[in-house]
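Student: what would the 3D arrangement of this be:
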Amino acid sequence: MSIPFSNTHYRIPQGFGNLLEGLTREILREQPENIPAFAAAYFENLLEKREKTNFDPAEWGAKLDDRFYNNHAFKDQEPPVKCELVQAMSSTTMKKEGASASTLESEEEKEKEETAALKIQSAFRGHMAREEVKKMKDKQNGEETK
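Tutor: Prediction:
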């Protein structure tokens, strides 16, 4: 008795998918009549380029995939950190101005207030625009019924 389904999962070697994507893209562009011969010529050309330039598209694609799939930056919940140069410049300017921790906190509060005000203003403008559109639609409906 045979088992129709299996739990076996085959893994595609790194870079192989990228090679096949490139081949597929060229086949769709060129529309060759003999696809196996075209694929052989494509891979021969790719090998020649790799030997001349030391650039391996399979390796490059594997690195891209690895960078994409193993990027765990989304798991970090910390706010983005400013670059060191910007932090150094801001700290030196703060020292020059004689700023203390309280002024830093007040600047952060001002920034939060500004963003909150901006959100409120944009919501109000959206409300006013919707009201205006509603009035225009009512006028058009009134003209059409006459």
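
Student: in this structure, what helix or strand scores lowest on average pLDDT?
Tutor: Ranking every helix and strand in the chain by mean pLDDT, DSSP states H and E puts helix 84-97 at the bottom, with a mean of 54.

Student: got the domain ranges for the chain?
Tutor: In terms of domains, the chain is parsed into 16-69, 106-146 (source: automatic domain parsing).

Student: give me the mean pLDDT for the longest one.
Tutor: By that I understand domain 16-69. For domain 16-69, mean pLDDT rounds to 86.

Student: what secondary structure does residue 33 sit in?
Tutor: coil (DSSP: H, G, I helix; E, B strand; the rest coil).

Student: next, count neighbours for it.
Tutor: 7 (other Cβ atoms under 10 Å). (Each C-beta comes from the backbone N, C-alpha and C, glycine too.)

Student: residues contacting stretch 128-140, please?
Tutor: Residues outside stretch 128-140 that contact it (Cβ atoms under 8 Å, 6 or more residues apart in numbering): none.

Student: now the domains of the chain in a markdown table, with distance to residue 7?
Tutor: Shown next, in a markdown table, are these (distance: least, Cβ to Cβ, whole Å):
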| stretch | distance to residue 7 |
| --- | --- |
| domain 16-69 | 22 |
| domain 106-146 | 51 |
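
Student: most tightly surrounded among these?
Tutor: Mean neighbour count (mean count of other Cβ atoms under 10 Å) peaks for domain 16-69 among the domains of the chain, with a mean of 12.

Student: need the helices for this structure, in chain order.
Tutor: 16-30, 35-53, 57-69, 84-97, 101-145 (DSSP state H).

Student: could I get these as JSON lines with distance to residue 9?
Tutor: Listed next are those as JSON lines, based on distance: least, Cβ to Cβ, whole Å:
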{"stretch": "helix 16-30", "distance to residue 9": "15"}
{"stretch": "helix 35-53", "distance to residue 9": "26"}
{"stretch": "helix 57-69", "distance to residue 9": "16"}
{"stretch": "helix 84-97", "distance to residue 9": "44"}
{"stretch": "helix 101-145", "distance to residue 9": "47"}
